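Participant: got a predicted structure here, sequence first:
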Amino acid sequence: MRRMHGRLNSLGGWFAAALLTVAPLCAATAADLKGARVWAGPDHTRVVLDASGPLKYEISREKGQIVVDLSGIRLGGGFADPSAQGLFRGMSHARVGDSLRLTAKVDPDSSLKSFVLKPSGGEKNYRLVMDLYPGSDAVADKPAPASASPVDDTTYSNPTHSSRVAAEHAAAMLNGHREVVVAIDAGHGGKDPGSHGPSGTLEKNVTLGVARKLAAQINRQPGMKAVLTRDSDFFIPLKRRYQIARENDADLFVSIHADAFTSGDAKGSSVWVLSPRGKTSEAARWLADRENRADLIGGTSLDDKDDSLAKVLLDLQQGWAMQASDVVAGNVLKALAKLGPTHRGYVERANFVVLRSPDVPSILVETAFISNPTEERKLRDPKHQDKLAEAVMGGVKNYFEAAPPQGTWFAAEAARRNGVQLAADNGHRGSAADVHRVGRGESLSSIARQYGVSVGALKSANRMSSDTVRAGATLTIPAG
């Protein structure tokens, strides 16, 4: 399974004084530069060069300008210089001897990291990926890890989770335990304002306000960390939103919206999860797309699996993610009900694009009806936004307390509490060594072997009378 939802970068000066030789290149095997594309996000800008073969390149930099010399490479017929976005201000190209020279204008204060991705999962292109970050003029080129998967053709993507876990989560460890990561998606943004209220309130502004407040509350909670898909007013494609969650090893994805209806009478909050039909159609897309299959699903690539096994593995992962989504959604809806009426009183299901992650539990929260004049006034009120954030935070926290992902601060706290309880029950000082979430196909005997304890001790520590255990259950592992 995904690092119980584990998964899974600075392009500052667009290519800087560094030399990276990926593979020798000779005239007989000259590659074509097929394309260049740019994606600008809230915290950095990514530029991707697609080539038909291995690359040999040199990067140099002056203030506000990056020069990339591609040795022995030809310009493909369909190549076009990408337009300016974010920290990237435009690019031109020219032939210099046997090299193709790309000259990029970038933010003078940006910093850079770059790496190369080799073809994977049926993909034929090599990719030079450059990430520009606002900040110092320093450059840190770094080759991609061998396990990195290709960059998404449609917009932008990071390397796979396994290539970044150590670097990105080292700072997130608390006494040796990682934080749970909650990806918060402020619905709409930029050219997509969403719905609007009778007084002109825009949904994109309400969702960003609530998302920021929710992120602040999560970051104040020990053992939790928030990641915002957007922190300002810009547009993100729907599919890209849940991709950001996966790339950040998110344990949970929460999309914030405000509902609307033709009548101003509709009212109440609601919480949505992916429908079974949406699960089935998304599974078909993942299995049919070779690039998707090369990505990690629950920490496992489906690319080298036959269709039958890949389908089973994906179904198990999706089933677990949807089960967890139901629990979180129920918690959040119950908390929102304390602020006012809910629209239907139960968790609703739909095939929303943002809920389609195959391995990250995902919910969509409709905070209220912006088309209702009374609820519109509340949605504009910062104090009410605080209350909405508190309600969502309460439901999310309750989920992680009840079902802590292994290796997290929440799991350590659960183990400590259970250890104290065991000591009280047994009349002596005792402790629990670990907490284990039961995966699909696991049995008490296999879990006991994994931790070096007996089945009897495992049953006793968890007060179990049966030898059966259900997937998703949390077991206290007694000290050996």
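Facilitator: That came through, no problem.

Participant: now do stretch 444-458, average pLDDT.
Facilitator: In this model, stretch 444-458 has a mean pLDDT of 78.

Participant: revised request: answer the last question for stretch 363-378.
Facilitator: Here stretch 363-378 scores 95 as its mean pLDDT.

Participant: export it to PDB, keeping only CA atoms.
Facilitator: As requested, the backbone C-alpha atoms of stretch 363-378 are provided in PDB (Å, rounded to 0.1, in the frame of the first residue of the first chain):
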ATOM      1  CA  ILE A 363     -13.400  14.200   0.100                       C
ATOM      2  CA  LEU A 364     -15.100  17.300  -1.400                       C
ATOM      3  CA  VAL A 365     -16.800  19.800   1.100                       C
ATOM      4  CA  GLU A 366     -19.600  22.100   0.000                       C
ATOM      5  CA  THR A 367     -19.400  24.600   2.800                       C
ATOM      6  CA  ALA A 368     -22.800  26.100   2.100                       C
ATOM      7  CA  PHE A 369     -25.000  27.500  -0.700                       C
ATOM      8  CA  ILE A 370     -23.500  30.700  -1.900                       C
ATOM      9  CA  SER A 371     -26.700  31.300  -3.900                       C
ATOM     10  CA  ASN A 372     -28.600  31.600  -0.600                       C
ATOM     11  CA  PRO A 373     -28.400  35.200   0.600                       C
ATOM     12  CA  THR A 374     -28.200  34.300   4.300                       C
ATOM     13  CA  GLU A 375     -25.500  31.700   3.700                       C
ATOM     14  CA  GLU A 376     -23.600  34.000   1.300                       C
ATOM     15  CA  ARG A 377     -23.300  36.500   4.100                       C
ATOM     16  CA  LYS A 378     -21.900  33.800   6.400                       C
END
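
Participant: and the end-to-end length of stretch 55-72?
Facilitator: Terminal residues of stretch 55-72 are spaced 9 Å apart (CA to CA, to the nearest Å).

Participant: how far off centre is it?
Facilitator: Offset of stretch 55-72 from its chain centre (CA atoms, centre = their mean, to the nearest Å): 31 Å.

Participant: so where do the helices sit in this protein?
Facilitator: With helices called from DSSP state H, the chain shows them at 165-169, 203-220, 238-247, 276-288, 290-294, 307-336, 373-380, 382-402, 409-426, 444-451, 455-461.

Participant: now those in a markdown table, with mean neighbour count and distance to Ser255?
Facilitator: No exception for glycine: its C-beta is placed from N, CA and C like everyone else's. Formatted as a markdown table, the helices of the chain follow (neighbours: other CB atoms under 10 Å; distance: least, CB to CB, whole Å):
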| stretch | mean neighbour count | distance to Ser255 |
| --- | --- | --- |
| helix 165-169 | 15 | 22 |
| helix 203-220 | 22 | 9 |
| helix 238-247 | 22 | 7 |
| helix 276-288 | 15 | 14 |
| helix 290-294 | 18 | 21 |
| helix 307-336 | 20 | 12 |
| helix 373-380 | 18 | 16 |
| helix 382-402 | 19 | 11 |
| helix 409-426 | 17 | 22 |
| helix 444-451 | 15 | 34 |
| helix 455-461 | 17 | 38 |
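
Participant: in stretch 261-273, what counts as buried?
Facilitator: Along stretch 261-273, these residues count as buried under the neighbour rule (16 or more other CB atoms under 10 Å): Gly264, Lys267, Gly268, Ser269, Ser270, Val271, Trp272, Val273.
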